[in-house]
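1. what follows is a predicted protein model with its sequence.
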Amino acid sequence: MQNYLGIDWGGTYIKSGLVTENNKILKKLVYSSLELQKKEVFIDTLYNLTKEFKNIKAVGIGAPGIIDVKKGFIYYLPNIEGWKNYPLKEKLEKKTKIPVYIDNDANVFALAESRVGAAKDVDFAIFLTLGTGLGGAVLVNKKILKNMTSAAELGHIPISLEEKKCNCGGSGCIETFIGAKYLILRYKELTKKDVKEVKEIFISAQKKEKEALFVWEEFGSILGKFLAGMVNIFNPQKIVLGGGVAGALKIFKPYLWQALKKQVMWPNLGGLKIVKAKLKNAGIIGAAILAKESIKEVGV
Ligand SMILES: [Zn+2]
């Protein structure tokens with residue numbers, strides 16, 4: 001039986017998995033992203049993995065940045081130094097002699113959730129990963145929306161004319177209002193407390209602290225209004241929220257719904273559901289599915 005190598009490439013960890021045709025992870029190995037930051041080390045490590053795991057039919061990679069998905073070419077990775085304008089697919093295929101497919105991490109997450117996770121029962125969905133940044137993906141007729149580049153950079157839709165600088169190089173993006181970093185800043189501004197993680201604001205809100213509740217109310221309202229725009233464009237059956245911040249969904253969901261309903265143009269939402277992501281290893285599974293589906297498409 002042949003398997004797939006799925007690589008979930010994050011800013012902190014690189015998780016790799018040997019995944020079966022039925023999307024089961026047989027083996028998993030985790031590296032620190034720093035350890036594999038050098039291109040030669042990255043390529044050698046993946047090459048060794050294909051040897052160690054054996055019978056790999058194709059390799060899939062979810063990378064944290066802007067990718068030409070057709071060429072498997074990395075334009076840049078905002079949080080990983082040294083990876084600019086690099087033909088990763090070409091280099092890896094040359095070394096491993098195995099087909100390699102690359103997409104951005106949010107698309108890979110969405111692919112996993114749409115095939116075997118929270119959105120497997122629908123054809124149209126919106127995916128958001130709520131973490132330090134804000135990743136996005138769109139499912140249209142069971143396909144992840146993309147052309148040459150990974151597309152659906154929903155976190156970088158400008159929602160304000162304020163010159164609020166964003167990591168992407170632009171300003172006023174939705175990410176600069178509801179990314180984890182900004183949630184923490186907002187909370188610090190209100191309380192003068194030295195918090196490090198969003199989880200702390202979640203815990204304070206559970207204890208009914210006024211400022212923490214306010215931060216989540218504001219977060220839910222902005223996200224709801226933003227998602228109303230997405231609903232108006234894509235008319236999804238489901239919105240799937242992943243990433244660490246989605247853990248607080250139960251606190252911000254009422255505000256999200258309120259803002260969304262107020263703004264959305266459809267008379268009824270057609271049974272729209274907003275749910276949390278389901279899979280534990282969506283990055284690895286999604287990367288393996290990317291490899292599996294891509295290789296079938298090109299008919300190798
Ligand atoms: Zn941006």
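-> Received the coordinates, thanks.
2. distance of the closest residue to Y13 other than its chain neighbours relative to G17?
-> Distances taken as Cβ to Cβ, 6 or more residues apart in numbering place V30 nearest to Y13, at 5.5 Å, with adjacent residues excluded. Every C-beta, even on glycine, is put in place using the N, C-alpha and C of the backbone. Note on V30: its distance to G17, by Cβ to Cβ, to the nearest Å, is 9 Å.
3. related to what we said a few turns ago, helix/strand/coil for the residue nearest to Y13?
-> strand (DSSP: H, G, I helix; E, B strand; the rest coil).
4. what about it, neighbour count?
-> By other Cβ atoms under 10 Å, 12 other residues sit near V30.
5. if I look at it, how far off is I285?
-> Distance from V30 to I285, by Cβ to Cβ: 15 Å.
6. likewise L183?
-> For L183 relative to I285 (Cβ to Cβ), the value is 28 Å.
7. neighbour count winner among the two?
-> Neighbour count, other Cβ under 10 Å: between L183 and I285, I285 has more, with 29 against 23.
8. ok, which stretches of the stretch 51-200 of the chain are strands?
-> Under the criterion DSSP state E, counting those that start in this stretch, the stretch 51-200 of the chain contains strands at 56-63, 66-68, 73-76, 84-86, 100-104, 125-130, 134-140, 143-144.
9. contacting residues for L227?
-> Residues near L227 by Cβ atoms under 8 Å, 6 or more residues apart in numbering: 126, 128, 239, 256, 260, 274.
10. where in this structure is pLDDT low?
-> The chain contains residues with pLDDT under 70 at 298-300.
11. swap in 80 and give it another go.
-> The model of the chain has pLDDT under 80 over residues 1, 79, 132, 148-151, 266-268, 270, 297-300.
12. let's check: the centremost residue of it is which one?
-> Geometric centre of the chain, nearest residue: A106, 2.6 Å, by Cα atoms, centre = their mean.
13. verify the contact between that one and G131 for me.
-> No - using Cβ atoms under 8 Å, A106 makes no contact with G131, being 10.1 Å away.
14. out of the contacts of L227, who's near the ion?
-> The subset of the contacts of L227 within reach of the ion, by Cβ under 5 Å from the ion, is empty.
15. show me the contacts for V198.
-> Taking Cβ under 8 Å, 6+ apart, one finds 180, 183-184, 244-245, 248 in contact with V198.
16. try 7 Å this time
-> Residues near V198 by Cβ atoms under 7 Å, 6 or more residues apart in numbering: 180, 183-184, 244-245.
17. and stretch 66-84, end to end?
-> One end of stretch 66-84 to the other measures 10 Å (Cα to Cα, to the nearest Å).
18. and the ion, is it touching that?
-> No - using Cβ under 5 Å from the ion, stretch 66-84 never reaches the ion; the gap is at least 9.5 Å.
19. who's in contact with that stretch?
-> Residues outside stretch 66-84 that contact it (Cβ under 7 Å, 6+ apart): 11, 33, 37, 63-65, 85-90, 100-104, 146, 148-150, 167.
20. for it, which residues meet the burial criterion?
-> With burial defined by 16 or more other Cβ atoms under 10 Å, the residues of stretch 66-84 counted as buried are 66-69, 72-74, 77, 80, 83.
21. same question for stretch 207-216.
-> Across stretch 207-216, burial judged by 16+ other Cβ under 10 Å covers 209, 211-213, 215-216.
22. centre of the chain versus that stretch, how much separation?
-> 27 Å (Cα atoms, centre = their mean, to the nearest Å).
23. and what of stretch 282-294?
-> Put simply, stretch 282-294 sits 13 Å off its chain's centre (Cα atoms, centre = their mean).
24. and for stretch 202-221?
-> 24 Å.
25. ok, stretch 182-196 next?
-> Centre-to-centre, stretch 182-196 and its host chain are 25 Å apart (Cα atoms, centre = their mean).
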